[in-house]
Structure formats: C-alpha cells, structure tokens
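Asks: kindly return the folded structure for what I paste below:
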Amino acid sequence: MKTLAPALQAHLDEGTTTLAWCWRISRADGVTLGFTDHDRTLSFDGTEFEPESGLTASEVRSGSDLSVDAQDAEGVLTSDRITETDILDGRWDNAEVEVWRVNWADTSHRVLMRRGAIGQIRRGRLAFVAEVRSLAHILGQTVGRTFQATCDAALGDARCGVDLEDPAFKGTGAVIDLLRDRAFTASGLGGFASGWFTFGTVEWTSGANAGRKAEVLGHDVTDGIAVLTLLEAPVRSIAESDAFIIRAGCDKRMETCGAKFANTANFRGFPHIPGQDTILRYATKDGGHDGGVL
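Replies: Residues are numbered from 1 along each chain as shown. Predicted coordinates for the structure are as follows:
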C-alpha cells in the first residue's frame, strides 16, 4: 500500500484532477530518458519528460502470487530519442524503468507507482512495443553456480584467470571482403590456426560499428586468409577496411582449457560427473561402466 504526500492526497480529494503518467528510463550506457503522456514537457528530479513522444502504456497485468507483473509501453520508431538502431543495438535491453503518477499542474505532487525493467521488445515497421517487467522478474533469475560438466566461468574473468591481452590470445585485423552480412575475410590473422577465435569476440575499432562487440561463431583459414563468421549480423553493415580487435574463444571443455590455455587448475566445471547414460545403460559382462557414451 502506498502512502501519498498530503498535497497529492488533497488534490485527489478535489474530484477534478490534473494527472499524467511519466516514465523515466535509465539505460545501461548511462543515458536517462523521460517520457510523458501529457501534452507539454514536465520536469522533476533533474529529468525532462518529453511529450508527444509516441510512448503510451497499457494497463498493468498483476496477480497476488509471485508471477511477474507486466505492462506494455508502445512507441513510434520515428521519435528522435527512440530509434530502431538503438533497439537493435540492445541499448534498451534490461533498462531500468520508473513509472510516476504526476500532477502536471504542480510536479512536486507525484508518487512513484512502480519500478521495473525493459523485457521483451517487439518491433514492427513503424513502431515498437516494450514489455515493462516488475522487480519480481529478478526472482526468476538463476543465482549461484551450475553443476555441469563444462566450465561456467567467462573466459578472461577473475575466476578463469586467462589474460586475454596476451598476444597469443589477441589479434588485430581488418576486413578484406564481405562474404555475407555476418561473414567476411580478414587480414592480420595469418599467425593463428583455424578455429583459434571460434566462440571468441570481435571488438570493432573503426567503421560504422566502432566501439561495439560481437561474438564469433566460426574462424576458418582458406589459402592463408582468415574467414570469420559472426553469431549475429551487426546492426550497421560491415565495410571493407573496417578494423577490429579479436580475442580467442573457448568451448568450455576441460581438454580445451588445458591444451589451449594451460589453465586446467582454474577449470570451473565438473568433468567427471555421470551423464544421463549412466541411468539408461544396461549391465554387461565387459566394459568399464564409467558413465561414458555407449
């Protein structure tokens, strides 16, 4: 139950109100945006809430259990502050949202109705619909480690310990020729074996995608020329001579951890746990019965 400030309560008791909805969105890149369904700009707490932005909200869907409350916010892609490129770039993903009920005649009379985060975003040709999830969605996230055969550390983090700035695991290159929207040949990587950068990352240092990162799906070498395939096509097209930094990848297996990175001591998986075949296999006179593949 919310407690209203006396001034706002007095305004509501008048019967005739001057209320508006305001949304404050704080993205992970540090940008804070404000929107309102009122017809003029509202301002409070250092944020300007833009009118006529095309951002409107549905009713709140909530229940008495621990399910995630949700609300849809719909906006047009032609807004100066909401662009299709930013949505595709993931800049709105999991952005923090505050929903305020405000007396537009006196913005000091307001109440914070709910907090949440941007969830699924559905895009059309001219508009988008963003799901605003309540804080209950955090309860559905996995906390702690996963008991699995493969490593659950991120390559290069504190638990892994591999130094990805080591020249053995880091290279620089440039696009020679674009094969598809997410595949290209590259120069500067002739000293690395095929597959060395598979599951690694590319960080663009020039071109339209400068400053952005992408995951590497495949790394092949053909006639001495590296061929890189990204997991997803970049939002902005790749062009010839675009420069990048690429770092090695890991398939999370213990064999790779030892042979490629000499890092078996820091392996964060459980390679000897029995597989499902241990339950399904049948008794035989021979065989090691070690949980291996039948």
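
Asks: can we go C-alpha only for contacts and neighbour counts from here?
Replies: Noted.

Asks: how about residue 249: what's its closest non-neighbour residue?
Replies: Of all residues beyond its chain neighbours, the one nearest residue 249 is residue 200 (3.5 Å), with distances taken as CA to CA, 6 or more residues apart in numbering.

Asks: what's around the one you found, how many residues?
Replies: 23 (other CA atoms under 10 Å).

Asks: what about it, distance to residue 119?
Replies: Distance, residue 200 to residue 119, using CA to CA, to the nearest Å: 26 Å.

Asks: partners of the lengthiest strand in the chain in the sheet?
Replies: The longest strand of the chain (DSSP state E) is strand 110-123. Note on strand 110-123: by DSSP bridges, its sheet partners are strand 96-103 (antiparallel), strand 127-134 (antiparallel).

Asks: and the ones you listed, which one averages the lowest pLDDT?
Replies: Among the strands paired with strand 110-123, strand 127-134 carries the lowest mean pLDDT, at a mean of 68.

Asks: all strands of the stretch 1-150 of the chain, in order?
Replies: Ranges of strands in the stretch 1-150 of the chain, per DSSP state E, counting those that start in this stretch, are 19-26, 32-36, 42-44, 47-50, 56-57, 70-76, 96-103, 110-123, 127-134.

Asks: contacts for the first one next, please.
Replies: Just to be clear, that refers to strand 19-26. Strand 19-26 is contacted from outside by 32-38, 47, 49, 95-104, using CA atoms under 8 Å, 6 or more residues apart in numbering.

Asks: cutoff 6 Å now
Replies: Here strand 19-26 makes contact (CA atoms under 6 Å, 6 or more residues apart in numbering) with 32-38, 95-104.

Asks: buried residues, that strand. List them.
Replies: Using 16 or more other CA atoms under 10 Å as the test for burial, strand 19-26 gives 19-26.

Asks: which one, of the strands of the stretch 1-150 of the chain, ends up nearest to residue 3?
Replies: Among the strands of the stretch 1-150 of the chain, the nearest to residue 3 by CA to CA is strand 110-123 (8.6 Å).

Asks: that older thread, possible to save the strands paired with strand 110-123 as a markdown table with mean neighbour count and distance to residue 237?
Replies: As requested, the strands paired with strand 110-123 are arranged in a markdown table below (neighbours: other CA atoms under 10 Å; distance: least, CA to CA, whole Å):
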| stretch | mean neighbour count | distance to residue 237 |
| --- | --- | --- |
| strand 96-103 | 20 | 29 |
| strand 127-134 | 22 | 22 |
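
Asks: and of those, who's closest to residue 109?
Replies: From these, taking CA to CA, the stretch that ends up closest is strand 96-103, at 5.6 Å.

Asks: in three-state terms, label residue 279 for me.
Replies: Using DSSP: H, G, I helix; E, B strand; the rest coil, the structure places residue 279 in helix.

Asks: what's the pLDDT at it?
Replies: pLDDT for residue 279: 72.

Asks: that one: neighbour count?
Replies: Other residues near residue 279 number 9, with proximity taken as other CA under 10 Å.

Asks: who touches residue 191 in this structure?
Replies: Applying CA under 6 Å, 6+ apart to residue 191 gives no contacts.

Asks: my read: the residue nearest to residue 249 touches residue 217, true?
Replies: No: judged on CA atoms under 6 Å, residue 200 makes no contact with residue 217 at a distance of 7.8 Å.

Asks: pick out the least confidently modelled helix or strand of the chain, by mean pLDDT.
Replies: strand 70-76 (a mean of 53; mean pLDDT, DSSP states H and E).

Asks: chain neighbours aside, what residue packs nearest to residue 250?
Replies: Nearest non-adjacent residue to residue 250, counting by CA to CA, 6+ apart: residue 199, 5.9 Å away.

Asks: on the three-state scheme, that neighbour is what?
Replies: coil.

Asks: that one touches residue 249, doesn't it?
Replies: Yes: between residue 199 and residue 249 there is a contact under CA under 6 Å: 4.4 Å.

Asks: residue 265 - how many residues pack around it?
Replies: Using other CA under 10 Å, residue 265 has 11 other residues around it.

Asks: so it lies in a helix, does it not?
Replies: Yes: applying three-state DSSP, one finds residue 265 inside a helix.

Asks: for the stretch 151-294 of the chain, which segments count as strands?
Replies: Secondary structure of the stretch 151-294 of the chain by DSSP E, counting those that start in this stretch: the strands cover 170-180, 183-187, 201-204, 213-222, 225-230, 243-247.

Asks: CA atoms of the last one as PDB?
Replies: This points to strand 243-247. Extracted in PDB, the C-alpha atoms of strand 243-247 (Å, rounded to 0.1, in the frame of the first residue of the first chain):
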ATOM      1  CA  ALA A 243      39.400  -2.600 -38.300                       C
ATOM      2  CA  PHE A 244      38.900  -4.800 -35.200                       C
ATOM      3  CA  ILE A 245      40.500  -6.500 -32.300                       C
ATOM      4  CA  ILE A 246      39.700 -10.200 -31.900                       C
ATOM      5  CA  ARG A 247      40.200 -12.300 -28.800                       C
END
